[in-house]
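1. what follows is a predicted protein model with its sequence.
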Amino acid sequence: MSSTALFGAEQITAIAEEVFAAMVDGETGALNPWLDGPVTLTNPLHAWVELQVELPSRVLLTTERETADDLARALLAMEPDEPVSEDDLVDAFGEVANVVGGNLKALLPVHGKLALPQVSADAPSAEGATPIDDVALSWRGRLLTVSVWTL
């Protein structure tokens with residue numbers, strides 16, 4: 001079975017909600033569907049992990065840099081106004097992408113491997129990639145997208 005048959009918006013959303021409840025917020029309800037319409041990110045940050053499976057895929061999380069900083073603070077149990085180092089930001093945002101990707105990979109009958117997570121202000125190359133699905137979510141009222149691509 002291909003990843004396109006398993007990774008629909010419903011599965012992506014459910015896994016993201018579970019990951020945020022378990023890792024980030026400690027409770028359900030902080031991650032919800034985005035209902036505010038299209039938004040252009042002014043300072044985007046991307047975190048992704050590639051699934052080395054029968055049909056190679058990429059799980060990509062995208063949000064504003066400020067939101068990623070807050071995500072790192074929440075994950076690392078930092079104070080709301082505490083500065084976030086670049087290393088902490090990369091580690092935290094990359095780990096969230098890694099866990100979401102790992103949980104999606106677990107849906108596949110043959111699990112394969114995950115590559116190391118990447119974090120960058122530049123989106124990964126879309127050359128040769130095909131979008132499977134893209135979900136817009138609201139984390140604490142701010143946009144976070146989770147998309148899955150075949151490579």
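-> Right, received. Where do you want to start? Residues are numbered from 1 along each chain as shown.
2. need the residues that contact the host helix or strand of Leu71.
-> Assessed by DSSP states H and E, Leu71 sits inside helix 65-75. Counting by Cβ atoms under 8 Å, 6 or more residues apart in numbering, helix 65-75 makes contact with 23-25, 43-45, 47, 63, 78-80, 82, 84, 88-89, 91-93, 95-96, 121, 139-140, 142-144, all of which sit outside it. Any C-beta I mention is one placed from the backbone N, CA and C, and that applies to glycine too.
3. which SSE is the residue nearest the centre of the chain in?
-> The chain has Leu61 as the residue nearest its centroid, 3.2 Å off, counting by Cα atoms, centre = their mean. Assigned by DSSP H and E, Leu61 belongs to strand 57-64.
4. could you export that strand as PDB, CA atoms only?
-> C-alpha atoms of strand 57-64 as PDB (Å, rounded to 0.1, in the frame of the first residue of the first chain):
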ATOM      1  CA  SER A  57       8.100  10.800   1.300                       C
ATOM      2  CA  ARG A  58       8.600  14.000   3.300                       C
ATOM      3  CA  VAL A  59       6.700  15.400   6.300                       C
ATOM      4  CA  LEU A  60       7.000  19.200   6.400                       C
ATOM      5  CA  LEU A  61       5.900  21.500   9.200                       C
ATOM      6  CA  THR A  62       5.800  25.300   8.500                       C
ATOM      7  CA  THR A  63       5.000  28.200  10.700                       C
ATOM      8  CA  GLU A  64       6.200  31.700  11.600                       C
END
